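Q: what's the 3D shape of this:
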Amino acid sequence: MAADIIMPKLSDTMTEGKLGAWKKSIGDQVQRGDVIAEVETDKAVMELEAFTSGTLLEQRVKPGELVAVGTVIGIVGAPGESAVPGTAIPEAPAVAAPQAEPVSAPTPAPVPDEAVPQPPRHAPAEAEDLQQKAAPVVRRHARELGIDLDQVTGSGPGGRVLLEDLQRFSGVMLSAEPSVAEPSATLAGEQASPEVPQAEGGVVPLSRMRAAIARTVTEAWRTIPHFFVTVEIQMDEVEEVRRELKESGSPLSINDMIVKGTALALARFPMLNASFVNDRIVSHDEINIGMAVSLPDGLLVPVIRGCQALTLQEIAVQSRRLVERARSGRLSEAEMSGGTFTISNMGMFDVTEFAAVIHPPQAGILAVGSVYDGIVVKDGQPVVARLARMTLSADHRLVDGAYAARFLKELKRILKKPVLMLV
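A: Numbers count the residues shown, from 1 in each chain. The predicted structure is shown next:
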């Protein structure tokens, strides 16, 4: 039986996607797992793989068209076969960018269940598992609570996990509405767009990535009570260990060592590895550290998972792989989700010190400046040392200043004696 190829939901904020290019032509044979198209989201260009084998019978969406998640974009089946009437989702029209508002990007939080078209009943099993297991709002809450939906018994049609099922399983009261819907509406009502000055120049439309970043940081700054603590850390030993490991054939970056040191410190201060969700604190067993990666039109935050169990060398390998995939626009949804803490390193830009905005629903982000020559006192005498300033942005709902300061003190202890990372 012919199977529909649908526009998948490839990120938490995705409600529509642009077909970048078809990698197969009509009439081509397709094997399960083959890349059949490229899809552009608000974050990256991602490859769309076939969930079933057969012949590509139809291409319903042209390259460059923007369509809603769940839209049928093509058909795979036997030669001469067509989709069974009534089994596919009605094709959604291409979404053109409005003339008055050049930005047509997704909202900051997943939309309610009814706003996302459901996959066809005869779609491949993997596509059904992705979108039929639970609605986007349920998947979002499960991710924030650190719950595997496979462990939750669903009471909906076909075992679909409903919001109340997740509430019973977790014991946490959950809301079906996006957490920032009401503040966003209030903000729109209270603040009119400022008048554009009459001067030479023009209006530059936001890219989809820039629009997504704008919504995320606005939500974070409005809803998270940030506070900031800065520490100066001596990095002489870190640089020496890095040189020795490089000479022995184990190339590491300073950022790799900061990631490892941060993971060790978070293990001792787990409240900074937690989340504040619906007036409750949700702890996380794994330490999943996101790394801010700069791109020409914005940034992405790939996640190194399970840092508490990784060696320094394993962190270095994963870091290089994720950075390369981020810069080539090939990160998957899994590689960009599930972070519990983030590090933003601008040392390569000769930035001495800065503060970063927390990525919700995380509790903190560490802003790392460049390593520079400074003066410290050793044995009563001033000496030149290699120093770096690191600023922790923390959610005051989860931790207080003293807790944040103790975390930074522990991180400082580890980085001053990096041999602790090798144990």
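
Q: right, and the helix or strand after the helix or strand of the chain with the lowest mean pLDDT?
A: Ranking every helix and strand in the chain by mean pLDDT, DSSP states H and E puts helix 181-190 at the bottom, with a mean of 42. Heading C-terminal from helix 181-190, the first helix or strand you meet, by DSSP states H and E, is helix 208-223.

Q: Give me the buried positions along that following helix.
A: The neighbour-count check on helix 208-223 (16 or more other CB atoms under 10 Å) flags 208-213, 215-220, 223 as buried. Where C-beta positions appear, they are placed from N, C-alpha and C, glycine not excepted.

Q: Pick out whichever of these sits closest to residue 349.
A: residue 213 (18.0 Å; CB to CB).

Q: Can you pull out the low-pLDDT segments for this structure?
A: Counting by pLDDT under 70, the chain contains low-confidence ranges at 11-13, 43, 82-132, 137, 144-146, 157-158, 167-200.

Q: domains in it, as residue ranges please.
A: Structurally, the chain divides into domains by the TED database as follows: 3-77, 217-421.

Q: Which strand residues bridge residue 291?
A: With DSSP bridges as the criterion, residue 291 is bridged to residue 343.

Q: how would you label residue 262: helix, strand or coil?
A: At residue 262 the chain is in helix, as set by DSSP: H, G, I helix; E, B strand; the rest coil.

Q: The stretch 201-350 of the chain: helices as residue ranges?
A: Taking DSSP state H, counting those that start in this stretch as the test, the helices found in the stretch 201-350 of the chain are 208-223, 236-247, 254-268, 312-327, 333-336.

Q: need these in TSV with distance to residue 47, can you?
A: Shown next, in TSV, are these (distance: least, CB to CB, whole Å):
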stretch	distance to residue 47
helix 208-223	18
helix 236-247	34
helix 254-268	27
helix 312-327	11
helix 333-336	12
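
Q: and of the ones you listed, who's closest to residue 27?
A: Nearest of the helices of the stretch 201-350 of the chain (CB to CB): helix 333-336, 30.4 Å.

Q: who does that closest one touch, helix- and strand-wise?
A: Using 3 or more CB pairs under 8 Å, 6 or more residues apart in numbering; DSSP states H and E, no helix or strand is in contact with helix 333-336.

Q: pull the CA atoms of it into PDB?
A: Extracted in PDB, the C-alpha atoms of helix 333-336 (Å, rounded to 0.1, in the frame of the first residue of the first chain):
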ATOM      1  CA  GLU A 333      16.500  17.100  16.700                       C
ATOM      2  CA  ALA A 334      17.900  14.700  19.300                       C
ATOM      3  CA  GLU A 335      21.300  16.500  19.100                       C
ATOM      4  CA  MET A 336      19.700  19.900  19.900                       C
END
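
Q: which parts of it are buried?
A: 333, 335-336.

Q: So what's the gap between that helix and the chain middle?
A: 6 Å (CA atoms, centre = their mean, to the nearest Å).

Q: So what would you say the end-to-end distance of stretch 247-262 is?
A: Taking CA to CA, to the nearest Å as the measure, stretch 247-262 stretches 25 Å from start to finish.

Q: and it, which residues are buried?
A: Neighbour-count burial for stretch 247-262 flags 252-262 (criterion: 16+ other CB under 10 Å).

Q: Other residues contacting it?
A: 235, 238-239, 241-242, 245-246, 289, 291, 304, 307, 310, 312-313, 315-316, 319, 341, 343, 345, 347, 366, 368, 371, 390, 411, 414-415, 418, 421 (CB atoms under 8 Å, 6 or more residues apart in numbering).

Q: can you do 6 Å?
A: 238, 242, 245, 289, 312-313, 315-316, 319, 345, 411, 414-415, 421 (CB atoms under 6 Å, 6 or more residues apart in numbering).

Q: Which among these count as buried?
A: In those, the ones that pass as buried (16+ other CB under 10 Å) are 238, 242, 245, 289, 312, 315-316, 319, 345, 411, 414-415, 421.

Q: Tabulate the buried residues of helix 333-336 in JSON lines, adding columns for distance to residue 80.
A: Below are the buried residues of helix 333-336 laid out as JSON lines (distance: CB to CB, whole Å):
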{"residue": "333", "distance to residue 80": "35"}
{"residue": "335", "distance to residue 80": "39"}
{"residue": "336", "distance to residue 80": "40"}
